[in-house]
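> could you look at this predicted model? Sequence included:
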Amino acid sequence: MTRIMRIATFNCNSVRSRLDAVLRWLSDYTPDVLCLQETKVTDDLFPTDAFTAAGWHVAFKGEKSYNGVAIVSKQPADEVSFGLDSEPADPTRLIHARFGEVHVVNTYVPQGRDIEHEMYAYKLEWLARLKQYFLRRQAPTRPLLWCGDLNVARHPIDVSNPETKKDHVCYHHAIREAFEDVLALGFTDLFRRHNPDLVDYSFYDYRVPFNPEQKRGWRIDYVLATPPLAAKSHAAAIDLTPRTRPKPSDHCPLYADLRA
């Protein structure tokens, strides 16, 4: 029987606040690897024991109230590193783990605030530096999965009412072009590969009552793969269930299955 590898990403919006939801999802979906963003906790307060008690391995880097990335896995990673190679490294926005020959890079890309704000310029710069990071690691030829909350909606199908979002930091033409420039290294968007025409979102604003039937959201969370792994991809989906439960994150888990 062919073994299926499941890789998932979830912006949990505080791992301590959403710990039960994360552990429940891990139990229900049993991914090989789950990438978490916005853990929002310093390393000394990360709930490591809860993951260990449930049989999971976890690597993480965080800070109080902001950012924070983690990789939860069935097997321990062979190597783990944090941050970009260039300064500022932003170690709480990028974690890179190797599992055998498979590399997993989990990123929380800056949101940008406003297109006139300095953080938007930083967001554009951050993606340019990330491209160089991947180039130094021969991303197109290695089996590499790039996951995370990337804070970019690629196409009109990836956001509700796109005509009203042209100046939004997650849909502005400049950020979309910067994102495509990184993808051009050879990354395949696994969700869109297997759902070319599906309107489905991974982010639903807290300020809008959640109703998946009305399709008011964004797809800004991704599992992306270089050719050696994209060729093995089998399926991909967004799980809306956690968003329907009490005290949810504003994001939903997105996962992809690959034939190992």
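On my side now, so go ahead.
> first vs last residue of stretch 216-226, how far apart are they?
Stretch 216-226 has its terminal residues 30 Å apart, counting by Cα to Cα, to the nearest Å.
> repeat that for stretch 5-24.
End-to-end for stretch 5-24, by Cα to Cα: 19 Å.
> tell me which residues of that stretch are tucked away?
5-13, 15, 18, 21-23 (16 or more other Cβ atoms under 10 Å). Where you see a C-beta, it was placed from the backbone N, CA and C, and this is true even at glycine.
> report the lowest-confidence entry in those residues.
For the buried residues of stretch 5-24, the weakest pLDDT value sits at Met5, with 95.
> can I take it that that residue is in a strand?
Yes: counting by DSSP: H, G, I helix; E, B strand; the rest coil, Met5 is part of a strand.
> my read: it touches Ala260, true?
Yes: using Cβ atoms under 8 Å, Met5 is in contact with Ala260, at 4.5 Å.
> and stretch 159-171, how far from the chain's centre?
Computed by Cα atoms, centre = their mean, to the nearest Å, the separation of stretch 159-171 from the middle of its chain amounts to 20 Å.
> please save the CA atoms from it in CSV.
Provided in CSV are the C-alpha atoms of stretch 159-171 (Å, rounded to 0.1, in the frame of the first residue of the first chain):
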residue,chain,number,x,y,z
VAL,A,159,-10.7,36.7,-2.2
SER,A,160,-14.3,37.8,-1.9
ASN,A,161,-15.2,41.0,-3.8
PRO,A,162,-11.7,41.4,-5.3
GLU,A,163,-12.6,44.6,-7.0
THR,A,164,-12.8,46.3,-3.6
LYS,A,165,-9.4,44.9,-2.4
LYS,A,166,-7.1,46.5,-5.0
ASP,A,167,-5.4,48.7,-2.4
HIS,A,168,-5.3,46.1,0.4
VAL,A,169,-1.9,45.0,1.6
CYS,A,170,-2.8,41.3,0.9
TYR,A,171,-4.0,41.9,-2.6
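> show me what counts as buried in that stretch.
Under the neighbour-count criterion of 16+ other Cβ under 10 Å, stretch 159-171 has Val159, Ser160, Lys165, His168, Val169, Cys170, Tyr171 buried.
> among those, name the ones in strands.
Among those, none falls in strands (DSSP state E).
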